[in-house]
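**Q** Sequence and computational prediction follow.
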Number of protein chains: 2
Amino acid sequence: MSTSTTGLRRRRPGCRIEPCDGRGVSSAVFPSVARTIVRDDGDAYRFCSTCAFSQACLSEGMDKGALRELHVLVEHVGPIPAGTHIFRAGDRFDAIAAVRGGTVKTSRVDREGCEQVLGFHLPGEIIGLSAIDRGRYPCNAIALDPVQLCHFSFPKIALLARRMPGLQKKLFSLLSRDIGHAERMAGDHSADERIAAFLVDLSQRLAARGFAASRFQLTMPRTDIASYLRLAPETVSRVLRRLQDEGRIAVRRREVELKDAAGLASLAERMLGT
Amino acid sequence: MSTSTTGLRRRRPGCRIEPCDGRGVSSAVFPSVARTIVRDDGDAYRFCSTCAFSQACLSEGMDKGALRELHVLVEHVGPIPAGTHIFRAGDRFDAIAAVRGGTVKTSRVDREGCEQVLGFHLPGEIIGLSAIDRGRYPCNAIALDPVQLCHFSFPKIALLARRMPGLQKKLFSLLSRDIGHAERMAGDHSADERIAAFLVDLSQRLAARGFAASRFQLTMPRTDIASYLRLAPETVSRVLRRLQDEGRIAVRRREVELKDAAGLASLAERMLGT
DNA sequence: ATGGCGCCTTGATCCAGGTCAGTGCGACGA
DNA sequence: TCGTCGCACTGACCTGGATCAAGGCGCCAT
């Protein structure tokens, strides 16, 4: 065939979404695994232990005054109910935010209404950095469960970064890290590699924040995982099933247990790098 | 079937590469279109007109002294022959560089020797930003043709950025922009969309630097384009052929002419965004 | 308890693009 | 002028994962 009208069918028409109606609030808690990921040990006087910025500054031996200044410009927000937009594509960019509790999904919706999930952000991670360039958020950020945030005015934190080398370095690092993440997602990988990498990456990030690494709750529906990994939801189901049949994981609905972390890691290696 | 040994065949085994032998130097010049893209109007006393940094600083009304300081830390390098590694994955990160002339390809090579092209960098564009996070370059940078660079010591430019808000802002922006680029590459797009977007994007970037937008020379082989777009080289050939049959472009070897920029742009729109 | 509603899963089928196998063709050296 | 070498192109065929079409199965409201 190879007619001149080949291809160009809209990709993933199934991922069409309507304007968010705010539903989908989770209330049940799975026995033994908290449904909402919370790491909220900060308050008006102390940083959360996982805060990307406090680490940066403390490790650089910043003086107390500077640290206080950083802390002063933090604005605690939340809890934000599941399904709520934290920001929308096109909104004017004025602040970045650290997730303090819960999970935030960032996504882009193209003209045809097809949603592309860009990332899932756990406690301690930063959202909004990709908006710096254009001065507007290029994507939506949506709470997947009740979310708590620390807002940082970007002009203010950038100004403070001029006096705090550690903070400036941290900002550069965070931005640079996000480039690496997006480049890994852009790689050419099989469904198996993508799913294994997704599970291993989640597990490592949870572990880094002090959560259980081998048994956790997925806070997002299969459709979001599929969109994030550029797969069909059916493929996600099938691969998870196969990984389970192979004894590498146990999945039941949204609960996951990694049973062969080494095997998964070797599957994921091409994608995550060494 | 769906046996447990499904999938996981190495992807794109054809893209296996050997350690670069430095060959492939281009010498012939296509009539009417320069083969090597050069925009080298800077010297020891003036910035190149396309330099990302000089723009940032001038537009912010930086004082002459600060501008001179930035200029002082620039180190002009080159010409670097085609095929030469500018840096290698794993090298210690100490500097970023602005392309002054020629084209630089960045790529990752996985354990199996499969090369993944991450980007092509034209005059005025910056390479090395993704290395900030880990302190080592995560990818290779290779000259596709004779290349001239401006090196900037990263510690020094970061230090200077503390006193030059415009420079700091520019660095944040450049990093943020690269996130956006990588996210677009990671999207789920058809071969047609990818190729159209590649051509349109190249054309726009060339135009932004003062080169002809509708007729230009591809400085990279089809295999590199394919790897960059996550396609097989054969698919690149076929799609280019079809676009030509449809009257949207004219291609002959590495020379390209965009004949229906609007049509291409609409094909590319889902990928490049509005 | 029971019916409805989302999500998830499973099976059957399809197709865009990858893979394989040659065939041009321009550049360069002898 | 001819040979050779590497990239580019083309056709035939294959396959991973998408799509289509039903079911399950929690979870909630009545």
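**A** Right, received. Where do you want to start?

**Q** okay, now A:Arg92: neighbour count?
**A** 9 (other C-beta atoms under 10 Å in any protein chain shown). The way it works is simple: take the backbone N, C-alpha and C, and place the C-beta from them, glycine included.

**Q** Give me the nearest residue to it, chain neighbours excluded.
**A** A:Arg136 (5.9 Å; C-beta to C-beta, 6 or more residues apart in numbering or on different chains).

**Q** Now do the contacts for that neighbour.
**A** With contact taken as C-beta atoms under 8 Å, 6 or more residues apart in numbering or on different chains, A:Arg136 is in contact with A:89-93.

**Q** what's the closest of those residues to DNA strand C?
**A** Using C-beta to the nearest atom of the strand, A:Ala89 comes nearest to DNA strand C of the contacts of A:Arg136, at 21.4 Å.

**Q** mind checking the SS state of the closest one?
**A** Following DSSP: H, G, I helix; E, B strand; the rest coil, we place A:Ala89 in the coil state.

**Q** residues near it, how many?
**A** Neighbours of A:Ala89 (other C-beta under 10 Å): 17.

**Q** if I pick it, what's in contact with it?
**A** By C-beta under 8 Å, 6+ apart, the contact set of A:Ala89 is A:108-109, A:136-140.

**Q** Now restrict those residues to buried residues only.
**A** By neighbour count, with 16 or more other C-beta atoms under 10 Å in any protein chain shown, these hold A:108-109, A:137-140 as buried.

**Q** among these, which are within reach of chain B?
**A** A:108, A:138 (C-beta under 8 Å from any C-beta of the partner chain).

**Q** Of all pairs in the buried ones among the contacts of A:Ala89, which one is the farthest apart?
**A** A:Val109 and A:Tyr137 (12.3 Å; C-beta to C-beta).

**Q** Can you lay out the buried ones among the contacts of A:Ala89 as a markdown table showing pLDDT and distance to A:Glu125?
**A** A markdown table is the format used below for these (pLDDT from 0 to 100; distance: C-beta to C-beta, whole Å):
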| residue | pLDDT | distance to A:Glu125 |
| --- | --- | --- |
| A:Arg108 | 94 | 18 |
| A:Val109 | 92 | 22 |
| A:Tyr137 | 97 | 16 |
| A:Pro138 | 96 | 17 |
| A:Cys139 | 96 | 15 |
| A:Asn140 | 95 | 16 |
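
**Q** Which ones among the buried ones among the contacts of A:Ala89 lie within strands?
**A** Members of the buried ones among the contacts of A:Ala89 lying in strands (criterion: DSSP state E): A:108-109, A:140.

**Q** So which bits of the stretch 151-274 of chain A are right by DNA strand C?
**A** A:221-223, A:233-234, A:236-238, A:240-241, A:251, A:253-254 (C-beta under 7 Å from any atom of the strand).

**Q** Most neighbours out of those residues, which is it?
**A** Counting neighbours by other C-beta under 10 Å, A:Val236 leads these with 22 neighbours.

**Q** picking that back up, and which of the ones in strands among the buried ones among the contacts of A:Ala89 is nearest B:Asp192?
**A** Taking these together and measuring to B:Asp192 by C-beta to C-beta, the closest member is A:Arg108, at 19.7 Å.

**Q** right, and the closest one touches A:Asn140 too?
**A** Yes: between A:Arg108 and A:Asn140 there is a contact under C-beta atoms under 8 Å: 7.4 Å.

**Q** Wait, a helix at A:Leu267?
**A** Yes: counting by three-state DSSP, A:Leu267 falls inside a helix.
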